[in-house]
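K.L.:
pasting a predicted model and its sequence here:
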Amino acid sequence: MKILLVEDDKTIASGLEYSLQQEQYTTILCHDVDSAKKVLAEELNHLTLCIFDLSLPDGSGYDLCRLVKEKSDIPVIFLTAIDDEVNVVMGLDMGADDYITKPFRIRELLSRINSVLRRYHKQFQSKSVINIENIRVHTLEGKVYKNGEEILMTALEYRLFLIFATHMGQVLSRNQLLEQIWDVAGDFVNDNTLTVYIKRLREKLEDDPQHPTLIKTIRGLGYKVGE
(Lines give C-alpha, C1' and ligand atoms only; values in the text may rest on other atoms or scores of the structure.)
Protein backbone atom coordinates (compact mmCIF):
# COMPACT_ATOMS: atom_id res chain seq x y z
CA MET A 1 0.00 0.00 0.00
CA LYS A 2 1.39 3.36 -1.05
CA ILE A 3 1.00 6.55 1.01
CA LEU A 4 1.76 10.11 -0.12
CA LEU A 5 3.10 12.09 2.84
CA VAL A 6 3.37 15.88 2.49
CA GLU A 7 5.06 17.58 5.46
CA ASP A 8 7.41 20.58 5.34
CA ASP A 9 9.08 19.93 8.71
CA LYS A 10 11.85 17.60 7.57
CA THR A 11 12.49 16.20 11.05
CA ILE A 12 8.83 15.23 11.49
CA ALA A 13 8.63 14.02 7.90
CA SER A 14 11.61 11.68 8.13
CA GLY A 15 10.34 10.22 11.41
CA LEU A 16 6.89 9.60 9.94
CA GLU A 17 8.33 8.12 6.77
CA TYR A 18 10.49 5.69 8.76
CA SER A 19 7.57 4.64 10.98
CA LEU A 20 5.24 4.07 8.02
CA GLN A 21 7.85 2.00 6.23
CA GLN A 22 8.32 -0.09 9.38
CA GLU A 23 4.59 -0.87 9.08
CA GLN A 24 5.21 -2.12 5.52
CA TYR A 25 3.73 0.93 3.78
CA THR A 26 5.45 2.27 0.68
CA THR A 27 5.85 6.02 1.04
CA ILE A 28 6.33 9.01 -1.23
CA LEU A 29 7.55 12.05 0.69
CA CYS A 30 7.10 15.66 -0.42
CA HIS A 31 7.84 18.88 1.43
CA ASP A 32 5.66 21.34 -0.50
CA VAL A 33 2.51 21.68 -2.59
CA ASP A 34 4.29 21.97 -5.93
CA SER A 35 6.18 18.67 -5.66
CA ALA A 36 3.08 16.94 -4.25
CA LYS A 37 1.03 18.07 -7.27
CA LYS A 38 3.59 16.51 -9.58
CA VAL A 39 3.37 13.21 -7.68
CA LEU A 40 -0.43 13.29 -7.78
CA ALA A 41 -0.38 13.83 -11.53
CA GLU A 42 1.69 10.67 -12.00
CA GLU A 43 0.79 8.42 -9.06
CA LEU A 44 -2.78 9.22 -7.98
CA ASN A 45 -4.23 5.93 -9.23
CA HIS A 46 -1.53 3.98 -7.38
CA LEU A 47 -2.00 5.67 -3.99
CA THR A 48 -3.82 4.07 -1.07
CA LEU A 49 -3.97 7.12 1.19
CA CYS A 50 -2.68 10.70 1.49
CA ILE A 51 -1.42 12.49 4.60
CA PHE A 52 -1.23 16.27 4.18
CA ASP A 53 0.13 18.89 6.54
CA LEU A 54 -2.27 21.85 6.48
CA SER A 55 0.36 24.58 6.54
CA LEU A 56 2.90 24.27 3.71
CA PRO A 57 5.46 26.82 2.44
CA ASP A 58 3.80 27.31 -0.96
CA GLY A 59 0.17 26.66 -0.16
CA SER A 60 -2.12 24.51 1.93
CA GLY A 61 -3.03 20.90 2.42
CA TYR A 62 -6.56 22.04 1.53
CA ASP A 63 -5.41 22.63 -2.05
CA LEU A 64 -4.03 19.11 -2.28
CA CYS A 65 -7.11 17.56 -0.68
CA ARG A 66 -9.38 19.34 -3.15
CA LEU A 67 -7.23 18.11 -6.03
CA VAL A 68 -7.34 14.50 -4.79
CA LYS A 69 -11.08 14.45 -4.13
CA GLU A 70 -11.89 15.94 -7.55
CA LYS A 71 -10.19 13.03 -9.29
CA SER A 72 -10.28 10.09 -6.88
CA ASP A 73 -11.93 8.60 -3.82
CA ILE A 74 -8.81 7.72 -1.85
CA PRO A 75 -8.77 8.78 1.81
CA VAL A 76 -7.03 11.92 3.08
CA ILE A 77 -5.79 12.59 6.62
CA PHE A 78 -4.71 16.09 7.67
CA LEU A 79 -1.84 16.89 10.01
CA THR A 80 -2.33 20.22 11.75
CA ALA A 81 -0.61 22.22 14.45
CA ILE A 82 -3.72 24.39 14.70
CA ASP A 83 -6.28 22.92 17.04
CA ASP A 84 -8.91 25.16 15.53
CA GLU A 85 -12.47 23.97 14.95
CA VAL A 86 -12.99 26.16 11.88
CA ASN A 87 -9.95 24.72 10.10
CA VAL A 88 -10.89 21.16 11.03
CA VAL A 89 -14.49 21.57 9.86
CA MET A 90 -13.40 23.16 6.59
CA GLY A 91 -11.09 20.23 5.89
CA LEU A 92 -13.76 17.64 6.67
CA ASP A 93 -16.33 19.52 4.57
CA MET A 94 -14.12 19.31 1.51
CA GLY A 95 -13.86 15.55 1.87
CA ALA A 96 -10.98 14.87 4.27
CA ASP A 97 -11.48 11.63 6.19
CA ASP A 98 -9.73 12.44 9.44
CA TYR A 99 -7.25 14.83 11.05
CA ILE A 100 -4.71 14.65 13.82
CA THR A 101 -3.29 17.55 15.79
CA LYS A 102 0.44 17.95 16.41
CA PRO A 103 2.15 16.88 18.53
CA PHE A 104 0.89 13.30 18.25
CA ARG A 105 2.17 9.82 18.95
CA ILE A 106 2.99 7.71 15.92
CA ARG A 107 0.83 4.86 17.24
CA GLU A 108 -2.14 7.20 17.27
CA LEU A 109 -1.56 8.16 13.63
CA LEU A 110 -1.18 4.50 12.63
CA SER A 111 -4.44 3.72 14.42
CA ARG A 112 -6.19 6.53 12.50
CA ILE A 113 -4.75 5.23 9.21
CA ASN A 114 -5.94 1.68 9.89
CA SER A 115 -9.39 2.93 10.89
CA VAL A 116 -9.80 5.01 7.73
CA LEU A 117 -8.61 2.19 5.46
CA ARG A 118 -10.96 -0.32 7.13
CA ARG A 119 -13.84 2.09 6.60
CA TYR A 120 -13.01 2.50 2.93
CA HIS A 121 -12.62 -1.24 2.44
CA LYS A 122 -16.09 -1.82 3.92
CA GLN A 123 -17.56 0.83 1.64
CA PHE A 124 -16.16 -0.94 -1.42
CA GLN A 125 -17.36 -4.30 -0.19
CA SER A 126 -20.84 -2.87 0.42
CA LYS A 127 -21.29 -2.16 -3.28
CA SER A 128 -23.79 -4.73 -4.51
CA VAL A 129 -22.41 -4.73 -8.07
CA ILE A 130 -18.85 -4.02 -9.27
CA ASN A 131 -18.25 -3.69 -13.01
CA ILE A 132 -14.81 -4.26 -14.53
CA GLU A 133 -14.82 -4.23 -18.32
CA ASN A 134 -17.04 -7.20 -19.32
CA ILE A 135 -16.93 -8.69 -15.82
CA ARG A 136 -19.65 -8.06 -13.23
CA VAL A 137 -19.30 -9.03 -9.56
CA HIS A 138 -22.50 -9.39 -7.53
CA THR A 139 -21.09 -9.08 -4.03
CA LEU A 140 -24.34 -9.79 -2.18
CA GLU A 141 -24.74 -13.08 -4.07
CA GLY A 142 -21.04 -13.88 -4.21
CA LYS A 143 -21.25 -14.46 -7.95
CA VAL A 144 -19.16 -13.36 -10.94
CA TYR A 145 -20.46 -12.96 -14.49
CA LYS A 146 -18.60 -12.55 -17.78
CA ASN A 147 -20.61 -11.16 -20.68
CA GLY A 148 -23.75 -12.00 -18.72
CA GLU A 149 -22.85 -15.65 -18.10
CA GLU A 150 -22.00 -16.86 -14.59
CA ILE A 151 -18.41 -17.96 -14.04
CA LEU A 152 -18.19 -20.73 -11.45
CA MET A 153 -15.46 -20.13 -8.89
CA THR A 154 -14.18 -21.80 -5.76
CA ALA A 155 -14.49 -19.81 -2.54
CA LEU A 156 -10.82 -18.85 -2.59
CA GLU A 157 -10.87 -17.87 -6.27
CA TYR A 158 -13.82 -15.58 -5.55
CA ARG A 159 -12.15 -14.09 -2.48
CA LEU A 160 -8.99 -13.36 -4.46
CA PHE A 161 -10.86 -11.71 -7.32
CA LEU A 162 -12.94 -9.67 -4.87
CA ILE A 163 -9.71 -8.28 -3.42
CA PHE A 164 -8.70 -7.17 -6.91
CA ALA A 165 -12.18 -5.77 -7.59
CA THR A 166 -12.22 -3.70 -4.40
CA HIS A 167 -8.74 -2.31 -5.08
CA MET A 168 -9.20 -1.36 -8.74
CA GLY A 169 -6.33 0.64 -10.17
CA GLN A 170 -4.00 -0.26 -7.30
CA VAL A 171 -0.90 -2.38 -7.71
CA LEU A 172 -1.06 -5.18 -5.13
CA SER A 173 2.11 -7.02 -4.24
CA ARG A 174 2.14 -10.78 -3.75
CA ASN A 175 2.68 -10.26 -0.02
CA GLN A 176 -0.34 -7.96 0.19
CA LEU A 177 -2.50 -10.51 -1.60
CA LEU A 178 -1.29 -13.33 0.63
CA GLU A 179 -1.97 -11.29 3.77
CA GLN A 180 -5.50 -10.38 2.66
CA ILE A 181 -6.40 -13.90 1.58
CA TRP A 182 -5.18 -15.17 4.93
CA ASP A 183 -7.25 -12.54 6.74
CA VAL A 184 -10.39 -13.21 4.72
CA ALA A 185 -10.31 -16.95 4.17
CA GLY A 186 -8.53 -18.06 7.33
CA ASP A 187 -6.67 -20.68 5.29
CA PHE A 188 -2.97 -21.12 4.71
CA VAL A 189 -2.04 -19.93 1.23
CA ASN A 190 1.60 -19.95 0.17
CA ASP A 191 3.29 -18.16 -2.70
CA ASN A 192 3.03 -21.11 -5.10
CA THR A 193 -0.67 -21.52 -4.35
CA LEU A 194 -1.23 -17.83 -5.11
CA THR A 195 0.41 -18.31 -8.53
CA VAL A 196 -1.95 -21.21 -9.25
CA TYR A 197 -5.04 -19.24 -8.25
CA ILE A 198 -4.10 -16.22 -10.36
CA LYS A 199 -3.58 -18.59 -13.31
CA ARG A 200 -7.02 -20.11 -12.69
CA LEU A 201 -8.68 -16.68 -12.53
CA ARG A 202 -7.07 -15.71 -15.82
CA GLU A 203 -8.24 -18.93 -17.46
CA LYS A 204 -11.80 -18.22 -16.34
CA LEU A 205 -11.98 -14.46 -16.92
CA GLU A 206 -9.49 -13.43 -19.60
CA ASP A 207 -10.34 -13.58 -23.31
CA ASP A 208 -6.75 -14.69 -23.90
CA PRO A 209 -5.21 -16.08 -20.68
CA GLN A 210 -1.74 -16.15 -22.28
CA HIS A 211 -1.94 -12.37 -22.82
CA PRO A 212 -3.96 -11.11 -19.84
CA THR A 213 -5.52 -7.65 -19.99
CA LEU A 214 -7.77 -7.89 -16.92
CA ILE A 215 -5.40 -9.14 -14.21
CA LYS A 216 -2.20 -7.45 -15.28
CA THR A 217 1.27 -8.36 -14.06
CA ILE A 218 3.25 -5.25 -13.09
CA ARG A 219 6.77 -6.55 -13.36
CA GLY A 220 8.68 -6.43 -10.10
CA LEU A 221 5.71 -4.99 -8.21
CA GLY A 222 2.69 -7.30 -8.31
CA TYR A 223 -0.69 -7.30 -10.02
CA LYS A 224 -3.32 -4.76 -10.96
CA VAL A 225 -6.94 -4.84 -12.14
CA GLY A 226 -8.33 -1.71 -13.81
CA GLU A 227 -6.68 1.59 -14.61
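P.N.:
Yep, that arrived. Numbering: from 1, shown residues only.
K.L.:
mind listing what residue 220 touches?
P.N.:
For residue 220, the contact set (CB atoms under 8 Å, 6 or more residues apart in numbering) is empty. Every C-beta, even on glycine, is put in place using the N, C-alpha and C of the backbone.
K.L.:
mind checking the SS state of it?
P.N.:
State at residue 220, reduced to three classes by DSSP: H, G, I helix; E, B strand; the rest coil: coil.
K.L.:
and if you look at residue 52?
P.N.:
Three-state call for residue 52 (three-state DSSP): strand.
K.L.:
can you check residue 19 too?
P.N.:
Of the three states, residue 19 takes helix according to three-state DSSP.
K.L.:
thought residue 108 was touching it, still the case?
P.N.:
No. At 11.3 Å, residue 19 and residue 108 do not qualify as touching, with contact defined as CB atoms under 8 Å.
K.L.:
more neighbours: the two, which one.
P.N.:
Shown here are residue 19 and residue 108; by other CB atoms under 10 Å, residue 19 has more neighbours (15 against 10).
K.L.:
residues in contact with that one?
P.N.:
Contacts of residue 19 (CB under 8 Å, 6+ apart): 106, 109-110.
K.L.:
can you list those residues in JSON lines and add secondary structure and distance to residue 30?
P.N.:
Converted to JSON lines, the contacts of residue 19 look like this (DSSP: H, G, I helix; E, B strand; the rest coil; distance: CB to CB, whole Å):
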{"residue": "106", "secondary structure": "helix", "distance to residue 30": "19"}
{"residue": "109", "secondary structure": "helix", "distance to residue 30": "17"}
{"residue": "110", "secondary structure": "helix", "distance to residue 30": "20"}
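K.L.:
are any of those residues buried, and which?
P.N.:
residue 109 (16 or more other CB atoms under 10 Å).
K.L.:
ok, the contacts of residue 19 vs residue 28, which is closest?
P.N.:
residue 109 (16.7 Å; CB to CB).
K.L.:
give me the pLDDT for the closest one.
P.N.:
Per-residue confidence (pLDDT) for residue 109: 90.
K.L.:
with that, I have no additional questions.
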